[in-house]
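> Sequence and computational prediction follow.
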Amino acid sequence: MSGSLAVVGLGPGGPLTLTPEASAALESADALYGYGPYLDRVPARSGQTRHPSDNREEGARAAAALRHAAAGARVALISGGDPGVFAMAAAVCEQIEGGSETWRKLDLAIVPGITAMLAVAARVGAPLGHDFCAISLSDNLKPWDLIERRLDAAAGAGFVIALYNPISRARPWQLGAAFERLRRHLAPSTPVVFGRAVGRADEKVAVTSLEAAEPSAADMATLIIVGSSLTRVIARPGLAPLVYTPRSAPEAGT
Ligand code: SAH
């Protein structure tokens with residue numbers, strides 16, 4: 001039997017946002033690899049082995065999954081959200097590029113999932129209705145200086161910005177610095193959305209402004225959307241406000 005590797009996105013939360021394709025890939029696997037808390041979201045199945053690993057060990061986890069697949073197993077390597085967004089699919093490609101020739105011949109599938117920015121956006125309206133970008137605030141794998149240049153460029157060019165990995169115990173000041181940077185380009189009233197653990201039992205979504213945005217309102221499970229100058233908030237009686245970015249931009253639409 002020849003092995004295979006599926007890099008599977010679990011979506012943001014529970015089974016409702018797991019695609020049927022991802023569900024099928026999980027069911028047919030002999031072995032599951034992933035960050036422990038993500039593996040805990042996949043129900044146990046008899047005959048299937050589970051290989052949890054720590055958050056920081058992406059390269060080693062990808063290599064272990066590739067080795068297991070090359071030995072003949074059907075392996076599923078899981079990611080939260082989409083595996084191609086700040087997650088395991090790129091880690092697997094890095095290992096394939098630098099690793100054993102046999103890995104290039106493996107049957108490899110990347111199974112997409114709903115990424116956090118889409119899940120958060122859907123909760124509040126349509127903040128990503130016009131041009132947008134995604135930036136990870138983690139400076140583990142890139143210098144902070146580069147992140148600041150990207151924030152300047154994105155805000156200056158009128159993109160709505162989704163901020164992944166906003167804060168952690170090891171990175172306590174970066175989100176505050178990012179808000180400060182964005183305040184140079186954007187009006188104080190620019191809408192900001194905090195979406196925490198969307199799709200899970202402890203979900204929390206809040207809409208505020210760039211002026212009032214507090215880094216302490218975010219944790220590792222939070223995705224932040226910072227609007228552009230075109231992003232608007234529609235108040236609704238008795239209902240949460242709608243946040244959206246119109247589909248069209250005027251000539252000076254930054
Ligand atoms: N591959 C994942 C992102 C991994 S980076 C995806 O496509 O969603 C991890 C970051 O994603 C977190 O720090 C947070 O910013 C965001 N995130 C992941 N799941 C989330 C959820 N359910 N709700 C809000 N943000 C989430």
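Cool, got the structure.
> all helices for the stretch 101-250 of the chain, in order.
With DSSP state H, counting those that start in this stretch as the criterion, the stretch 101-250 of the chain has helices at 116-124, 144-156, 174-183.
> and the ones you listed as CSV, adding distance to residue 19, mean pLDDT and mean neighbour count?
For glycine as for every other residue, the C-beta is placed from the backbone atoms N, C-alpha and C. Listed next are the helices of the stretch 101-250 of the chain as CSV, based on distance: least, C-beta to C-beta, whole Å; pLDDT from 0 to 100; neighbours: other C-beta atoms under 10 Å:
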stretch, distance to residue 19, mean pLDDT, mean neighbour count
helix 116-124, 13, 98, 22
helix 144-156, 29, 98, 16
helix 174-183, 31, 98, 18
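> and of those helices, who's closest to residue 218?
Nearest of these to residue 218, taken as C-beta to C-beta: helix 174-183 at 5.9 Å.
> give me the number of residues near whichever residue of the stretch 1-150 of the chain sits closest to the ligand?
Nearest residue of the stretch 1-150 of the chain to the ligand: residue 81, at 2.0 Å (C-beta to the nearest ligand atom). Neighbour count for residue 81, taken as other C-beta atoms under 10 Å: 27.
> Same check on residue 72?
If you count neighbours by other C-beta under 10 Å, residue 72 ends up with 12.
> roughly how far apart are the closest residue to it other than its chain neighbours and residue 104?
Once flanking residues are discounted, residue 72 sits nearest to residue 3: 4.5 Å by C-beta to C-beta, 6 or more residues apart in numbering. Per C-beta to C-beta, to the nearest Å, residue 3 is found 14 Å from residue 104.
> what's the closest non-adjacent residue to residue 213?
Using C-beta to C-beta, 6+ apart and skipping residues adjacent in sequence, the residue nearest residue 213 is residue 192, 4.5 Å away.
> Please read the previous query as pertaining to residue 182.
residue 155 (5.2 Å).
> For the ligand, tell me whether stretch 53-64 is touching it.
No: using C-beta under 6 Å from any ligand atom, stretch 53-64 stays clear of the ligand, with a minimum separation of 9.6 Å.
> avg pLDDT for that stretch?
Averaged across stretch 53-64, the pLDDT comes to 90.
> Show me what that stretch is in contact with.
By C-beta atoms under 8 Å, 6 or more residues apart in numbering, the surrounding residues in contact with stretch 53-64 are 33-36, 51, 77, 88, 91-92, 94-95, 99.
> repeat that with 7 Å
By C-beta atoms under 7 Å, 6 or more residues apart in numbering, the list of residues contacting stretch 53-64 from outside reads 33, 35, 51, 77, 88, 91-92, 94-95, 99.
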